[in-house]
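>>> sequence and predicted structure, then a few things I'm wondering about:
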Amino acid sequence: MKTAKSSGIIGDLEYKTPKVKIMYWLFFAIMTIISLVCLLPPVWVILSSFKDVKEFYEIPPTIIPRSFHIEKLWDTWNEFKFMRYYVNTSYVTIGTLVFTVLFNGLAGYFFSKLKPKGSAFFFLLILWTVLLPSTVGIVPLFGNIVDFPLFHINFTNTYWPLWFLAAVNPVVILIFKNFFDTIPASLVESAHIDGASKLSIFLRIILPLSGPVLITISILTINGVWNDFFWPYMILKDQSQWTVIVAIFNLKATLPADIQFLGLTFAIVPPVLLFLVFQRYIMQGYSIAGSIKG
C-alpha cells in the first residue's frame, strides 16, 4: 500500500477531494492574476522603450512593438552618461552595505550575546521605533544633515548622510539578533577564555558563521538602495552626485517620453537581475524576518 506524499500544505489524498481541488485552483488563478498585474507595468515600460517615436505615441498603444530599436539603448546610455549615475549608485550601495552590516550587526551582537545590564530596556525601545511612522523623523533628520550638531557641517551633496541613515535600522537589528541567538553561546565563551576581545569574537567568529543572514541582508540592502529616491533626491543636488533614480527624475523635463522609458529600463534591470539570481536567499531572508521573537 502506497503512503500519501505531502507537497506543501496539501497532501495527495487531500488534493483528490473535489472541494480541496477547487480551492487549490481558485487560489492558483488568483495568484496568477496578481502576478500578471505586478509584472505588466515593468514589462510594458521595457518593451515600450524600444519603440520608435511614432509608434510610442500611437493611440491605442501597442503592447508588443512592431519593430525593436535596440540601438536606442546605446545612444541614450552615451548621450546622458548613465555610466556616471551607475557609478554614483554603486558608491552609495557599497557604503550603505558596509554601514548596515557593521553597525546593525554589532547592535544585534550586543543584544544577543553581550547583554549588559539595561540592554533589555534599550532593545524594547528599538522594538517601539518599528511602530513609528517613517515620516516622523524627516524634518529633524534633514535639519541635522544641513547643519550637523556641534560640528556645524553641511552634509548635502555628499553620500555620508545616506550611509549614516543605514547605520541604525531596527528591522535589520532584529534580524541579526534573531540569527545570532541560534549561535551556541559556548563558542563565544571559549573564544573569550582564549583571550579574544569582544570585537574580535564578532569579526572572527560571529560574522563567519552568519553567512545566510549576511547574504540576505546584503541583497535586500542593495535592492533598497537602488530603488531609494526620497533621501538621495533631498541630499544630492549636484548633478555629478546623482544616483540613477534621481537622474531620471531630474532629467525628465528635458527628455522625450520614449527616452524616459529607456532610463526607467536602466533603473529596472539591475534589481530584477539581482532578484532572479538570488531569489532563493531573499525568500530565506523573509523566513528569518518572520521568525523574529520578542
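Received, thanks. Numbers count the residues shown, from 1 in each chain.

>>> report the buried residues of stretch 108-123.
Neighbour counts over stretch 108-123 (16 or more other Cβ atoms under 10 Å) mark 108-113, 123 as buried. All C-beta spots, glycine's among them, are computed from the backbone N, C-alpha and C.

>>> nearest to Leu47, of those residues?
Gly108 (42.9 Å; Cβ to Cβ).

>>> what helix or strand is the closest one on?
helix 105-109 (DSSP states H and E).

>>> run the chain-centre distance for that helix.
In this view, helix 105-109 has its centroid 19 Å away from the chain centroid, taken as Cα atoms, centre = their mean, to the nearest Å.

>>> next secondary structure after that helix?
Counting by DSSP H and E, what follows helix 105-109 is helix 119-130.

>>> mind listing the strands for the chain?
Secondary structure of the chain (DSSP state E): strands at 6-7, 10-11.

>>> lowest-confidence stretch among those strands?
Mean pLDDT per stretch puts strand 6-7 lowest among the strands of the chain, at a mean of 48.

>>> residue ranges with poor pLDDT in the stretch 1-150 of the chain?
1-12 (pLDDT under 70).

>>> show me where it has its helices.
Under the criterion DSSP state H, counting those that start in this stretch, the stretch 1-150 of the chain contains helices at 12-15, 18-48, 53-56, 71-79, 82-99, 105-109, 119-130, 138-146.

>>> and among the ones you listed, the most buried is which?
helix 105-109 (a mean of 23; mean count of other Cβ atoms under 10 Å).

>>> which outside residues touch it?
126, 168, 172-180, 202, 206-207, 210 (Cβ atoms under 8 Å, 6 or more residues apart in numbering).

>>> closest to Ser35 out of these?
The closest of the contacts of helix 105-109, once distances to Ser35 are taken by Cβ to Cβ, is Ile175, at 26.5 Å.
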